[in-house]
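Predicted coordinates and the sequence they were generated for:
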Amino acid sequence: MKRTSATARKILAAFAAVLFALSLCALTAFAEEADPATDATVKTTTLSSVLAEIFSGTNLALLGAALAVALPCMGSAKGVGIVGEATGGLLSENPNMFGKALALQALPMTQGVYGMVAAFLILNNIGLFSGMKDLTMAQGAYFLMAALPIALAGFFSAIKQGRVAATGINLLSKRPGELGHAITSAALVETYAIFSLLITLLVVFNFPG
């Protein structure tokens, strides 16, 4: 529970950093410079123009693709690391268990793959590989919302799956023949990432534009 809370705080801190960066960009809208023709100061840009460039429909779609791959990959890295830490203790006592331990350690990697698939489909739909489309704000927000199920569920399920797989490593240290039960227990956590991926894919494939 403490680890999950710490991870959630890190995500909030990352979002706060992004908002701070956007605020700095917005401040540039009020920058002034001298006009040599009139010897007066004029605003170089307007706030609306800065925000329009940042929060365009295409950028929102790209943000959705980025979240779809970044958050699940972060969760997968965390989950694989958790299992890896438990595996070290097992292999120090029984190096012959490497193959079985590797099967458990690989399980949390799948969420990152799901996120990459979702991100690829979003990028393909907005024309990144064949000519970028000029999306409206509503269309960009559509792809951003479509990315959220796999982004959030992939992140948290990968970490939880890593913890369940780590307990499976402890089980193998005492009962080497229980690999099937350990994999089944960890795989049950992944089903929710699969459900989330299906929803993301359904929304992306049914893009009305």
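In hand now; what should we look at? Residues are numbered from 1 along each chain as shown.

how about low-confidence regions in the chain?
For the chain, the stretches flagged by pLDDT under 70 are 1-8, 11-12, 14-55.

Outline the domain layout of it.
With automatic domain parsing as the criterion, the domains of the chain are listed as 1-54, 56-205.

mind listing the helices for this structure?
Secondary structure of the chain (DSSP state H): helices at 2-27, 47-54, 57-93, 98-106, 110-125, 137-174, 179-205.

Mean neighbour count, the domains of the chain: which tops it?
Among the domains of the chain, ranked by average contacts under mean count of other C-beta atoms under 10 Å, first place goes to domain 56-205 (a mean of 19). Placement of C-beta: from N, CA and C, glycine included.

As CSV, the helices of the chain with distance to Gly131 would be great.
What follows is the helices of the chain, written out as CSV (distance: least, C-beta to C-beta, whole Å):
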stretch, distance to Gly131
helix 2-27, 27
helix 47-54, 20
helix 57-93, 12
helix 98-106, 37
helix 110-125, 12
helix 137-174, 16
helix 179-205, 18
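
Was I right to think Ala68 contacts Ala118?
Yes: Ala68 lies in contact with Ala118 (C-beta atoms under 8 Å); the separation is 4.3 Å.

can you list residues touching both of the two?
Ala147, Ile150, Thr200 (C-beta atoms under 8 Å, 6 or more residues apart in numbering).

can you pull the contacts of the first one?
So the one you mean is Ala147. By C-beta under 8 Å, 6+ apart, Ala147 lies in contact with Gly64, Ala65, Leu67, Ala68, Ala118, Ala119, Ile122, Thr200.

same thing but 10 Å
Neighbouring residues of Ala147 by C-beta atoms under 10 Å, 6 or more residues apart in numbering: 61, 63-69, 71, 115, 118-119, 121-122, 200, 203-204.
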